[in-house]
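>>> sequence unavailable; structure follows:
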């Protein structure tokens, strides 16, 4: 079982920045994400696309933003469980939570932050009969 101060579900920009903010308060974070690398949509779909809604940056490439967030989080030594979707959250008698991933990995923390954005990626099929 992986034990940490804060478990973050979602390794996109919000999840990665949470590592930094928690680290300033001397709290250790562990992140679980369904994708095989940190960065969420920005890394998976459009790392070379400029984005325009990040405070302090008139524009920044999505991949560069993720690289910078990872550098900002690095001094706080976060843990990562990547390529595994969070499946269940169970509250324990002591008030902590156990999150179990799709591969059976268990994570325990007194605080769980869900920074899932649009959630994990799943195929979106059109409503057409007999479509596999």
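Thanks, I have it. Values in this document were obtained by computation on a predicted structure and should not be read as measured data. Residues are numbered from 1 along each chain as shown.
>>> kindly indicate whether the nearest residue to residue 39 once chain neighbours are set aside is helix, strand or coil.
Spatial nearest neighbour of residue 39, chain neighbours left out: residue 66 (3.8 Å); criterion: C-beta to C-beta, 6 or more residues apart in numbering. Placement of C-beta: from N, CA and C, glycine included. Three-state call for residue 66 (DSSP: H, G, I helix; E, B strand; the rest coil): helix.
>>> mind listing what residue 66 touches?
The neighbours of residue 66, taking C-beta atoms under 8 Å, 6 or more residues apart in numbering as the test, are 13, 16, 38, 39, 42, 43, 47.
>>> any idea which of those residues is closest to residue 2?
Relative to residue 2, the closest of these is residue 38; by C-beta to C-beta it sits at 16.5 Å.
>>> against residue 78, how distant is the closest one?
9 Å (C-beta to C-beta, to the nearest Å).
>>> so what sits against both of the two?
When C-beta under 8 Å, 6+ apart defines a contact, the residues bordering residue 38 and residue 78 alike are residue 31.
>>> quick one, phi/psi of the nearest residue to residue 33 once chain neighbours are set aside?
Distances taken as C-beta to C-beta, 6+ apart put residue 11 closest to residue 33, at 3.7 Å, once the chain neighbours are dropped. The phi/psi pair for residue 11 (degrees, to the nearest 10) reads phi -110, psi 30.
>>> check what pLDDT residue 11 gets.
Per-residue confidence at residue 11 stands at 95 (pLDDT).
>>> ok, back up a step: among the contacts of residue 66, who's most crowded?
residue 16 (26 neighbours; other C-beta atoms under 10 Å).
>>> so which helix or strand of the chain has the lowest pLDDT on average?
Lowest on mean pLDDT, DSSP states H and E among the helices and strands of the chain sits helix 40-44, with a mean of 86.
>>> list the contacts of it.
10-13, 15, 33, 35, 37, 51, 62-63, 65-66, 117-118, 121.
>>> quick one: it to chain centroid distance?
11 Å (C-alpha atoms, centre = their mean, to the nearest Å).
>>> no further queries at this time; thank you.
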